[in-house]
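> pasting the structure only:
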Ligand SMILES: CC(C)(COP(=O)(O)OP(=O)(O)OC[C@H]1O[C@@H](n2cnc3c(N)ncnc32)[C@H](O)[C@@H]1OP(=O)(O)O)[C@@H](O)C(=O)NCCC(=O)NCCS
């Protein structure tokens, strides 16, 4: 492979580096608009390219995120724009870029890398484990009654996108800080990634709308959505497409969803990127009608096991030694004692043995250790170790990331 792997040195190089991912989205070159947006939220030096002559034939970058994990927040690399041109595929370009990116992440002191995968076969070999689920719904509006009496949960107002950030960002932050898998959003992120509404994002649906619900005197929930009206012989067949609905209390959740489910003209309500434990499942009189379906969400890679495990909280029920196999980042390999008193390398006999990807799957709380053992992803070396691990890693909330980055 005569490719040179190095980070971008300028905005111009960054634009080259995202050329390969733009190719897969059907563009010969990335648009100026997309490149400019990206540079506002990702420094050029965090994007790697595989260079051949003056051309980038592959790209791989990482947003500098602050990720919520059970019990805390941690700097983390949000891996993105991964692509290698079809002319250079399967010659090791992704592997080489991933090597450079994870080494730099480690050197920078970011203990975790995480991503959304377009194909679930790509990233396990680099130590990423499936770490959250994402759900979608497609609900006929006439079957959207809630269980129990209908109660008022506040007042909803439509807010112009230009004025939305100051209202919605604090709500998002209240939820993000206590939800593993969510990351803090900077003002630049809100402006270029969430509240801006360029034509290419609409995919044939309506303008982005922002509704804010006030409950007990303050903004408590918001919904970003698009109207997609349609009629056949005068009968409505269109849908509301919910882009993101975030609520800071159970009442606010009920209120903002009642608003979305009651919009006239719409036959259906569609939403993606919902959490596995969404309250809608229990709010609805007919949960079956949600058409609630699941797929993989985030994939997590512990880049520095000691630092990543130390920032996470554990239930106070002793400790456990886990023997970790990590071929791609060998500094992690070996036995780690994990518990509420801390995390340390040890020579003691392990209770469990697993690949680092299994640790990624357990980290945010998506899977219990017993579940992973039933799928042969972890080996119990001492009787009772799985039960201790399940108790230690128990979480209050399913991990959730409401946004593909
Ligand atoms: C996915 C992609 C980046 C892989 O790049 P690549 O340079 O061909 O990958 P590499 O040659 O470095 O492959 C490394 C390993 O991953 C495997 N691999 C790569 N892509 C794979 C895929 N899509 N499915 C299964 N295995 C894959 C290779 O076979 C190789 O395996 P090995 O280590 O056992 O030999 C490239 O195919 C691509 O750009 N795909 C379209 C865009 C995309 O899906 N990007 C991911 C966004 S999340």
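All right, it came through fine. Keep in mind that this is a model prediction, so the values were computed, not measured. Residues are numbered from 1 along each chain as shown.
> what are the ranges of the helices in the stretch 301-405 of the chain?
For the stretch 301-405 of the chain, the helices identified by DSSP state H, counting those that start in this stretch occupy 305-311, 356-363, 369-374, 385-392, in order along the chain.
> and what of the chain?
Along the chain, the segments classed as helices by DSSP state H run 11-17, 19-24, 32-41, 93-108, 165-176, 187-189, 199-202, 250-261, 280-283, 305-311, 356-363, 369-374, 385-392.
> and stretch 370-383, average pLDDT?
If you average the pLDDT over stretch 370-383, you get 98.
> from the rest of the structure, what touches that stretch?
Outside stretch 370-383, the residues that touch it by Cβ atoms under 8 Å, 6 or more residues apart in numbering are 323, 349-355, 357-358, 361-362, 369, 386-387, 390. (C-beta placed from N, C-alpha, C; glycine too.)
> for burial, what's the neighbour tally of residue 228?
A count of nearby residues for residue 228, using other Cβ atoms under 10 Å, gives 20.
> the residue nearest to it when sequence neighbours are not counted and residue 69: what is the separation?
For residue 228, ignoring the flanking residues on the chain, the nearest one in space by Cβ to Cβ, 6 or more residues apart in numbering is residue 205 at 4.5 Å. Remark: distance between residue 205 and residue 69 (Cβ to Cβ, to the nearest Å) = 34 Å.
> repeat for residue 236
Using Cβ to Cβ, one gets 44 Å for the distance from residue 236 to residue 69.
> which one of those two has more residues nearby?
Neighbour comparison, residue 236 and residue 69: the larger count goes to residue 69, with 23 against 15 (by other Cβ under 10 Å).
> how close does that one get to the ligand?
Counting by Cβ to the nearest ligand atom, to the nearest Å, the separation of residue 69 from the ligand is 22 Å.
> list the residues that contact that residue.
112, 180, 308, 311, 312, 363, 364.
> thinking again about what came up before, the ligand: which of the helices of the chain is closest?
For these, proximity to the ligand was assessed by Cβ to the nearest ligand atom; helix 93-108 is nearest, at 3.4 Å.
> next one: stretch 30-48 to chain centre, how far?
Using Cα atoms, centre = their mean, to the nearest Å, we find the averaged C-alpha position of stretch 30-48 to lie 20 Å away from the chain's own average C-alpha position.
> returning to that earlier point: return the most buried member of the helices of the stretch 301-405 of the chain.
With neighbours defined as mean count of other Cβ atoms under 10 Å, those peak in mean count at helix 356-363, which reaches a mean of 26.
> for it, the distance to its chain's centre please.
That offset, for helix 356-363, works out to 15 Å (Cα atoms, centre = their mean).
> now the angle between helix 385-392 and it, please.
Helix 356-363 runs at 40 degrees relative to helix 385-392, counting by axes from the mean of the first three to the mean of the last three Cα atoms, to 10 degrees.
> nearest spatial neighbour of residue 354, skipping sequence neighbours?
The spatially closest residue to residue 354, leaving aside those adjacent along the chain, is residue 378, at 4.1 Å (Cβ to Cβ, 6+ apart).
> tell me how far the one you found lies from the ligand.
If you go by Cβ to the nearest ligand atom, the gap between residue 378 and the ligand works out to 22 Å.
> again with residue 164
With distances taken as Cβ to the nearest ligand atom, residue 164 is found 29 Å from the ligand.
> tell me what the nearest residue to that residue once chain neighbours are set aside is bridged to.
Beyond its immediate neighbours in the sequence, the residue positioned closest to residue 164 (Cβ to Cβ, 6+ apart) is residue 210, lying 4.5 Å away. Here residue 210 sits in beta bridges with residue 224, going by DSSP bridges.
> which residues of the stretch 101-250 of the chain lie near the ligand?
117, 118, 119, 121, 122, 125 (Cβ under 6 Å from any ligand atom).
> okay, those in JSON lines with pLDDT and neighbour count next?
Written out in JSON lines, the entries for these read as follows (pLDDT from 0 to 100; neighbours: other Cβ atoms under 10 Å):
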{"residue": "117", "pLDDT": "98", "neighbour count": "17"}
{"residue": "118", "pLDDT": "97", "neighbour count": "12"}
{"residue": "119", "pLDDT": "96", "neighbour count": "6"}
{"residue": "121", "pLDDT": "96", "neighbour count": "7"}
{"residue": "122", "pLDDT": "98", "neighbour count": "15"}
{"residue": "125", "pLDDT": "98", "neighbour count": "13"}
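> any chance of the residues you listed in JSON lines, plus distance to residue 191?
As requested, those are exported to JSON lines (distance: Cβ to Cβ, whole Å):
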{"residue": "117", "distance to residue 191": "27"}
{"residue": "118", "distance to residue 191": "26"}
{"residue": "119", "distance to residue 191": "31"}
{"residue": "121", "distance to residue 191": "35"}
{"residue": "122", "distance to residue 191": "31"}
{"residue": "125", "distance to residue 191": "36"}
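> coming back round to it: tell me the one of the contacts of stretch 370-383 nearest residue 316?
Distances from the contacts of stretch 370-383 to residue 316 were compared by Cβ to Cβ; the smallest belongs to residue 390, at 14.4 Å.
> tell me the one of the contacts of stretch 370-383 nearest residue 134?
Sorting these by distance to residue 134 puts residue 361 at the head of the list, at 14.9 Å, by Cβ to Cβ.
> okay, the closest one: pLDDT?
Reading off the confidence values, residue 361 has pLDDT 98.
> what's the closest non-adjacent residue to it?
Among residues not flanking residue 361 along the chain, residue 129 sits closest, at 3.8 Å (Cβ to Cβ, 6+ apart).
> quick one: contacts for that neighbour?
Applying Cβ under 8 Å, 6+ apart, the residues near residue 129 are 299, 300, 301, 355, 356, 357, 358, 359, 360, 361, 362, 363.
> can you put those residues in a markdown table and add distance to residue 37?
As requested, those are exported to a markdown table (distance: Cβ to Cβ, whole Å):
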| residue | distance to residue 37 |
| --- | --- |
| 299 | 24 |
| 300 | 26 |
| 301 | 26 |
| 355 | 36 |
| 356 | 33 |
| 357 | 32 |
| 358 | 36 |
| 359 | 34 |
| 360 | 29 |
| 361 | 32 |
| 362 | 35 |
| 363 | 30 |
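> give me the neighbour count for residue 240.
Taking other Cβ under 10 Å as the criterion, the count of residues near residue 240 is 26.
> repeat that for residue 135.
Residue 135 has 23 neighbours, counted by other Cβ under 10 Å.
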